[in-house]
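>>> Below: sequence and its predicted model.
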Amino acid sequence: MSAFARFADARKIPAVATQRVLARTTGSLYATGALLILIATLFGSGWEGIDVAAIRVLAVAAIVLGVAVFLVGHRIPRPAYHLLVAGGPIVITAFVHLGQGTVWSLAFVIGYVFTILDASFFFSPPGVLVHLCLVVCCAIVGMVSVHLPVGAIVSMPGTFIVVAVVVTWLAWMADAAEEDSLTRLPNRRAFDRRLEEELGRVGREHGQLALVLLDLDHFKDVNDHSGHLAGDRLLLECAQAWRGSVGESHLLSRYGGDEFALLLPGSSLGRAADLADRLRSVAPDGVTLSAGVAASAPGDSASMFLSRADVALYEAKSAGRDQTVVYGDPARGASELEAAITAGELVLHYQPVVRLRDGAVTGAEALVRWQHPRKGLVPPSDFVPQAERTGAIHALGMWTLDQACEATARLRDDTTVSVNVSVPELRNPGYPELVRHVLDMHGLPPQRLALEITEAVFDNGDPQVVATLNKLRALGARIAIDDFGTGYSSLRWLERFPIDIVKIDASFVRAISAEREREPVLEAVMAIGRSMGMTVVAEGVETRYQADVLRRLGCDLAQGYLFGRPVPRQR
Ligand code: C2E
Ligand code: MG
Ligand code: MG
């Protein structure tokens, strides 16, 4: 956009015109101008024949108005400022008139400059023009009504016009400081200012306000491998691709580095998330983005609001990037994974479980992976925690259980299958019934199923979780405590929870050292399991030496790369 076109852009309100600055400036111009006049009536001379009382009353009224605007003006809607600023020349005209054409009338004429300053700084160019016309009209009416010299009547409006042009130009120059020089989008400063303003407006009008943070995935790699120029080009292409997709009332800004922020007044969470998806989809080829979406809440400060969008963005990143996460809206975050299940993108890998005594394979653990169309094979650590938060874990858990039971039932032997279960699934009172249904459907004897839970179940001793586990056990399935020894281990909990199998965490196995004669920690953990009548399984066994030590210590079963990595189909 050319400089002139930008200058004439009718919607463009100067960046300095925040609600608070408007209030402070307008308020102090009213108050100080009127105060000076009041002081002049008290100590000045030349008031003979002038209605000083009327001037004082008018001055006091203007001071009161000015102080009120100064203090609470930031709550006044922006359009009301046109009335307040327009009130200025009218009040000044009254003073000029009351001055009866004396030197005081001329002195009051200077007050018109105040209102021109105010209007030029705070309104768009067409607005400035309207106010300038009003000031010129008022000034002429005021000066003519008291018969001021023709020279003054002619020269004053000229001065006003020069002041208006110069100040509007200065405001435009200041505006340029709020623009990102690369993308020409508003920069962070502009965004923060508008955010404050919109939050104030939402507070007054109880409307909606949504915020989207967009972050380029792996942008650092682009900068590192292709250079900063390529990085800059990418940012510019994103800005250009998005410019046409955002509405007039929206504010798209370059918030910093590779992060863009989009402010959506009047928009719901759903609409904001849809727009975020649309912007991600029109991004330049080969670029993926993560987006975090949040809606403003009553009493929000800018930083609270931003931090919620930031949390959502973080979740989008940690759940594997290239997605939109809505803060506090589980259903949306869940949908991508649920769609992946429906599309058949999840796969189960099976890792053999062997008996240490004789090396026989007694079963397998089912471990889920996401065969993502673009990202390749995604490990469970990249999407299971997110699924637990969003609620998608219920669909994921059911799919895993169903697949694992079906595959195991087809192996016409007595090997077992272990399925990992998350705490939210166990909080569902209907879960045991679902498990029973799946077992019946595939004709898998419950004894062949082990459900693995982590020590997170001990977190608050939720009675619902204990009840679910008891029901599962009553069905005939076995319960294994996974990664034992890493989390909330407490012997008291072990007694309270119905557990059949302890899986000693791989970290204990890794700690096995040939330099030690004994492994006291491992021995103790194993002793606890055995004394409670549980089967002990060692995880992460990678070397023959580790397997030998474990066998010597009386460990029943083991899993690990030594015996087999997780692979697609159960053998
Ligand atoms: P886990 O249940 O403790 O699974 C063992 C993890 O250790 C697996 O990682 C496995 O691939 C890895 N592993 C096995 N043997 C060795 C070894 O010898 N050395 C090393 N370094 N690692 C070994 P994976 O597949 O990435 O799974 C990670 C976790 O994700 C699992 O830990 C489990 O807690 C969770 N998970 C996997 N599938 C599901 C599922 O269907 N539902 C739920 N809720 N969680 C799942
Ligand atoms: Mg496990
Ligand atoms: Mg484990």
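Perfect, I can see it now. Ligands and ions are numbered 1, 2, ... in the order given.
>>> Residue 427 is in contact with residue 465, isn't it?
Yes - taking contacts as CB atoms under 8 Å, residue 427 lies within contact range of residue 465: 6.2 Å. (Glycine included, C-beta is placed from N, CA and C.)
>>> show me the residues around the residue nearest to residue 446 when sequence neighbours are not counted that make contact.
Spatial nearest neighbour of residue 446, excluding adjacent residues (CB to CB, 6 or more residues apart in numbering): residue 476 at 3.1 Å. By CB atoms under 8 Å, 6 or more residues apart in numbering, the contact list for residue 476 reads 445-447.
>>> could these be laid out in CSV, adding distance to residue 228 and secondary structure?
Listed next are those as CSV, based on distance: CB to CB, whole Å; DSSP: H, G, I helix; E, B strand; the rest coil:
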residue, distance to residue 228, secondary structure
445, 63, coil
446, 61, helix
447, 62, helix
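>>> Buried among those residues? Make that a PyMOL selection.
To isolate the buried subset of these in PyMOL, counting by 16 or more other CB atoms under 10 Å, use the following:
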select buried, resi 446
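>>> Neighbour count for residue 427 and residue 465, which is higher?
residue 465 (23 against 13; other CB atoms under 10 Å).
>>> so how far is residue 254 from the more buried one?
47 Å (CB to CB, to the nearest Å).
>>> Which residues does whichever strand or helix holds residue 495 contact?
According to DSSP states H and E, residue 495 maps onto helix 491-496. The contact list for helix 491-496, computed with CB under 8 Å, 6+ apart, reads 458, 461, 466, 481, 528, 532.
>>> buried residues in whichever helix or strand comes after that helix?
Once helix 491-496 ends, the next helix or strand along the chain (criterion: DSSP H and E) is strand 501-504. For strand 501-504, a neighbour-count test (16+ other CB under 10 Å) marks 501-504 as buried.
>>> is strand 501-504 anywhere near ligand 1?
No - contact of strand 501-504 with ligand 1 (CB under 6 Å from any ligand atom) is absent, the minimum separation being 7.0 Å.
>>> residues making contact with that strand?
Strand 501-504 is contacted by residues 450, 452, 478-485, 522, 525-526, 528-529, 534-539, 555, 559 when judged by CB under 8 Å, 6+ apart.
>>> ok, and of these, which contact ligand 2?
452, 482 (CB under 5 Å from the ion).
>>> Narrow the contacts of strand 501-504 to those in helices?
522, 525-526, 528-529 (DSSP state H).
>>> most surrounded residue in these?
That'd be residue 529 among the ones in helices among the contacts of strand 501-504, by other CB under 10 Å, with 24 neighbours.
>>> ok, back up a step: can you dump the C-alpha coordinates of the helix holding residue 495 into CSV?
Extracted as CSV, the C-alpha positions of helix 491-496 are listed here (Å, rounded to 0.1, in the frame of the first residue of the first chain):
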residue,chain,number,x,y,z
LEU,A,491,3.1,-50.0,50.0
ARG,A,492,-0.2,-48.9,51.5
TRP,A,493,-1.7,-48.4,48.0
LEU,A,494,-0.4,-51.7,46.8
GLU,A,495,-2.4,-53.4,49.5
ARG,A,496,-5.5,-51.5,48.7
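>>> residues of it that come out buried?
Buried positions in helix 491-496, judged by neighbour count with 16+ other CB under 10 Å: 493-494.
>>> Over to stretch 247-264?
In terms of neighbour count (16+ other CB under 10 Å), stretch 247-264 has its buried residues at 250-255, 258-264.
>>> Dump these to CSV, plus secondary structure, pLDDT and distance to ligand 2.
Listed next are these as CSV, based on DSSP: H, G, I helix; E, B strand; the rest coil; pLDDT from 0 to 100; distance: CB to the ion, whole Å:
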residue, secondary structure, pLDDT, distance to ligand 2
250, coil, 90, 46
251, strand, 93, 47
252, strand, 96, 45
253, strand, 96, 45
254, strand, 96, 44
255, strand, 93, 40
258, coil, 93, 37
259, strand, 94, 37
260, strand, 97, 40
261, strand, 97, 40
262, strand, 97, 41
263, strand, 96, 44
264, strand, 95, 42
